[in-house]
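Trainee: Give me a model of this one.
(one chain, ligands or ions: 1)
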Amino acid sequence: MKRKILITGASGFVGRHVRTALETMPGDAEILDLNAAEAGDGPDIADQAAVEAAIARLQPDAVIHLAAVALPAEARDAPARAWAVNFQGTLNIAAALRAHCPQARLIFAGSSESYGAAFALNEGPTDELTPLMPQSVYAATKACADIALGQLAAEGFDCIRFRPFNHSGPGQAPLYVVADFARQIAEIEAERRAPVIRVGNLDAERDFLDVRDVARAYALAAMAGAPQPSKPPAQPLPHSTAYNLASGRAVRIGAILDALIGMSRVSISIETDPDRLRPADIPRTIGDAGRAAAAFGWRAEIALNTTLADVLDDQRRQVAGRSD
Ligand SMILES: C[C@H]1O[C@H](OP(=O)(O)OP(=O)(O)OC[C@H]2O[C@@H](n3cnc4c(=O)[nH]c(N)nc43)[C@H](O)[C@@H]2O)[C@@H](O)[C@@H](O)C1=O
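Mentor: A predicted model of the protein is given here:
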C-alpha cells in the first residue's frame, strides 16, 4: 500500500527537495502536492474551509507542512499575513486532520529562530528543552504554532515538530544569506555588477545545514511506520516530540562570505549595506540535534563547503540563463 504524503508548499525551495527525498527513499510514497492538486495556486492555508475541503478529499497518511511566510523581513513588513499563514494556517491543517484523518501524522517545519533570546542562555548547543523566546514576528509566529501543536500532541495528535536551523542549497532565493552572496558573486563574474559585494551583519554566527539533509529528515518522519516490503519496518518515531535539525557548530557569516569569495575566479571587495542590518539579529545559534539522532538516526551529512559550492554553481547557472 502506498503511503499518501501531502506536502504543503511543495513547489517552494524546501518542498522540491522533500519531493526528491521521498522519491529516493525506501518505501512507497504517493506524493500529493496541495499546490498542484487544487486549481491555481491551491487553497490559501489561512482559509480554514478550503484547507478542510482539500484534506477531506485527499485523505493523506501524513502531511509535511512547509507552506509559510518564510522570510523574516516579509513577516516584519506584513505581520497580520504572517500570523494568518504561519500560525492560523498551521492550526487549520491540524484541525482538518483531526476531523477528517485522525490517524494521519503532521510534520511541521518550525524554526530555530523560535529559541530567539534563549540562545544566549546556553554556552554550547541549544537543545529542545530550551524555552522558546522569539524576538522577531517571524519567530513568534513559528514559536506559537510549535506550542499549539505541542498542546495537541499532548492530547494524542500524531505530530512531529521540527526546528531546523538555517539551511541553504540549490534553488534557494537570493534573499537568504548564502544564495544572496552567491548571486552577487555570480553577477560579478558575469560582469553584470561592479566587483563589490554588499553585505549585512558579518559577525552573526549561524548553525548551517544543507537543505537536502533537512528534506531527508522530513521525508523520514513522514515515512516512519510505513510498511516496507523487503525490509523490516522503519523504526517508529516517538510521537509528540520536537526535534532540532542542526549541525552542532556555528559559523560566522563572514566566514561564509570568505569561503564563497575563495571559490570565485575574480577579485571582489566587500561593502556594508546599512539596509541589510537588522533591528534584532540573534548573535549566535548552535543546535543540539542529539534527539533526532537517537530517535531516528538523523545526522547532518553534507559538508558546508559542498553546500556553498552547489549554491554558487546554481546561481551561476541562473545568471547565465538570464537574458538581461
Ligand atoms: C532559521 C531561519 O533561517 C532563515 O532566516 P534568517 O536567519 O533570517 O536567514 P538569512 O539567510 O537571511 O540570514 C542569516 C544571517 O545572515 C546575516 N546576514 C549578513 N549579511 C547578510 C546579507 O547580505 N543578506 C542576508 N539575507 N543575511 C545577511 C543575517 O543578519 C542573519 O544573521 C529562514 O530560512 C527562516 O525561515 C528560518 O527559519
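
Trainee: and whatever residue of the stretch 1-150 of the chain ends up closest to the ligand, what are its phi and psi?
Mentor: Nearest residue of the stretch 1-150 of the chain to the ligand: Ser111, at 3.3 Å (Cβ to the nearest ligand atom). From N, CA and C alone the C-beta is placed, and that goes for glycine too. Here is the backbone geometry of Ser111 (degrees, to the nearest 10): phi -160, psi 140.

Trainee: Touching, it and Gln135? I think so.
Mentor: No: using Cβ atoms under 8 Å, Ser111 makes no contact with Gln135, being 11.9 Å away.

Trainee: which one of these two has more residues nearby?
Mentor: Ser111 (26 against 21; other Cβ atoms under 10 Å).

Trainee: If you tally nearby residues, what's the number for Ala68?
Mentor: Counted with other Cβ under 10 Å, Ala68 comes out at 26.

Trainee: tell me the contacts of it?
Mentor: Contact partners of Ala68, counting by Cβ atoms under 8 Å, 6 or more residues apart in numbering, are Gly9, Val85, Asn86, Gly89, Ala109, Lys142.

Trainee: Check Val214 too.
Mentor: Contacts of Val214 (Cβ under 8 Å, 6+ apart): Val14, His17, Phe162, Pro164, His167, Leu245.

Trainee: Taking these, tell me the two that lie furthest apart.
Mentor: Pairwise distances across those peak at 13.9 Å for His17 and Phe162 (criterion: Cβ to Cβ).

Trainee: which other helices and strands contact the strand or helix carrying Leu308?
Mentor: Per DSSP states H and E: Leu308 is located in helix 304-321. On a contact count with 3 or more Cβ pairs under 8 Å, 6 or more residues apart in numbering; DSSP states H and E, helix 304-321 meets strand 167-168, helix 177-189, strand 209-210, helix 253-262.

Trainee: among the contacts of Ala68, who's most crowded?
Mentor: Neighbour max across these (other Cβ under 10 Å) = Lys142, 31 neighbours.

Trainee: Wait, it touches Ser112, no?
Mentor: No: using Cβ under 8 Å, Lys142 makes no contact with Ser112, being 9.2 Å away.

Trainee: which stretches of the stretch 151-300 of the chain have low pLDDT?
Mentor: Filtered on pLDDT under 70, the stretch 151-300 of the chain yields the residue ranges 225-240.

Trainee: At the contact with the ligand, which residues of it appear?
Mentor: Neighbours of the ligand within the stretch 151-300 of the chain, by Cβ under 6 Å from any ligand atom: 165-166, 176-177, 180, 199-202, 204, 206, 253, 276, 278, 281.

Trainee: one more time with 8 Å, if that's ok
Mentor: Neighbours of the ligand within the stretch 151-300 of the chain, by Cβ under 8 Å from any ligand atom: 164-168, 175-181, 198-202, 204, 206, 253, 257, 273, 276-278, 281-282, 285.

Trainee: Just the buried ones from those residues, in ChimeraX syntax?
Mentor: Buried residues among those (16 or more other Cβ atoms under 10 Å), as a ChimeraX selection:
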select :164,165,166,167,168,176,177,178,179,180,181,199,200,204,206,253,257,282,285
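
Trainee: can you pull out the strands in this structure?
Mentor: For the chain, applying DSSP state E gives strands covering 3-8, 29-33, 62-65, 105-109, 159-164, 167-168, 196-199, 205-206, 209-210, 241-245, 251-252, 269-272.

Trainee: how about TSV for those strands, with distance to Phe119 added?
Mentor: Shown next, in TSV, are the strands of the chain (distance: least, Cβ to Cβ, whole Å):
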stretch	distance to Phe119
strand 3-8	28
strand 29-33	35
strand 62-65	25
strand 105-109	19
strand 159-164	12
strand 167-168	17
strand 196-199	22
strand 205-206	10
strand 209-210	16
strand 241-245	12
strand 251-252	15
strand 269-272	24
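
Trainee: Out of the ones you listed, the one nearest Ala54 is which?
Mentor: Taking Cβ to Cβ, strand 3-8 is the member of the strands of the chain nearest to Ala54, at 8.3 Å.

Trainee: ok, and what's touching the closest one?
Mentor: So strand 3-8 is contacted by 15, 18-19, 22, 27-34, 45, 55, 58-67, 93, 222-223, 226 (Cβ under 8 Å, 6+ apart).

Trainee: Then stretch 50-62?
Mentor: So stretch 50-62 is contacted by 3-6, 32, 34, 37-38, 42-45, 63, 89, 92-93, 95-97, 99-101, 103-107, 221-223, 226 (Cβ under 8 Å, 6+ apart).
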